[in-house]
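K.L.:
I would like the atomic coordinates for the input below:
(one chain, ligands or ions: 1)
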Amino acid sequence: MAYSYDDTNIFARILRGEIPNKTVLETAHTLAFHDINPSAPVHVLVIPKGAYVSFDHFCSAASDAELVDFHRAAAKVCAQMGVSLEAGDGFRAITNAGQHGLQEVPHYHLHIVGGRPMGRMIAKD
Ligand code: 5GP
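P.N.:
Sure, this is the predicted structure:
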């Protein structure tokens, strides 16, 4: 089944400038901004500017330039927010995909969360 991107999703609207965001960093192919409902003292969303639904869509279909830009930007976000291993005590990078991953917004995004111990990774039930 082909990936189907819905350009009415909230992050597409943020990228079009229709909805404000608290930008942490912007590059040629990537935007990072604070989550509106943070789960930790640091909670930043890193998104590609391209129309990708999920991690697997992005990793399989994005150009090398987009892939490199995205990951370098994510590393800069960690440093800028003081949670990188060079600058701080670490973080968790999470991406949810689809129904089983409980993805709410169907535009690929990486959650960078930290600023406190993050607890167990996955509930067992
Ligand atoms: P998901 O469940 O898809 O992995 O995560 C979606 C995230 O987007 C949630 O953490 C939610 O708080 C965040 N979010 C939803 N709408 C907005 C918005 O309009 N602005 C920002 N900055 N974050 C949003």
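K.L.:
name the element Val24 belongs to?
P.N.:
Assessed by DSSP states H and E, Val24 sits inside strand 23-26.
K.L.:
what is the distance between that strand and the centre of its chain?
P.N.:
Distance of strand 23-26 from its chain centroid, counting by Cα atoms, centre = their mean, to the nearest Å, is 12 Å.
K.L.:
can you name every helix or strand that it contacts?
P.N.:
When contacts are defined as 3 or more Cβ pairs under 8 Å, 6 or more residues apart in numbering; DSSP states H and E, strand 23-26 sits against strand 30-34, helix 64-80. C-betas here are computed from N, CA, C, even on glycine.
K.L.:
can the ones you listed go into JSON lines with extra columns for distance to the ligand?
P.N.:
Shown next, in JSON lines, are the helices and strands packed on strand 23-26 (distance: least, Cβ to the nearest ligand atom, whole Å):
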{"stretch": "strand 30-34", "distance to the ligand": "5"}
{"stretch": "helix 64-80", "distance to the ligand": "14"}
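K.L.:
point out the most buried one among those.
P.N.:
Counting by mean count of other Cβ atoms under 10 Å, strand 30-34 has the highest mean neighbour count of the helices and strands packed on strand 23-26, with a mean of 20.
K.L.:
pull up the pairing partners for that one, direction included.
P.N.:
strand 23-26 (antiparallel), strand 42-48 (antiparallel) (DSSP bridges).
K.L.:
can you list the helices and strands packed on strand 23-26 in TSV and add mean pLDDT?
P.N.:
Listed next are these as TSV, based on pLDDT from 0 to 100:
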stretch	mean pLDDT
strand 30-34	98
helix 64-80	98
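K.L.:
which parts of the chain sit against the ligand?
P.N.:
Where the chain comes near the ligand, counting by Cβ under 6 Å from any ligand atom, the residues are 10, 19, 21, 33-37, 45, 96, 102-105.
K.L.:
most surrounded residue in those residues?
P.N.:
Among the residues of the chain next to the ligand, Leu45 has the most neighbours (other Cβ atoms under 10 Å), with 22 neighbours.
K.L.:
could you list the low-pLDDT ranges of the chain?
P.N.:
1 (pLDDT under 70).
K.L.:
good, wrapping up.
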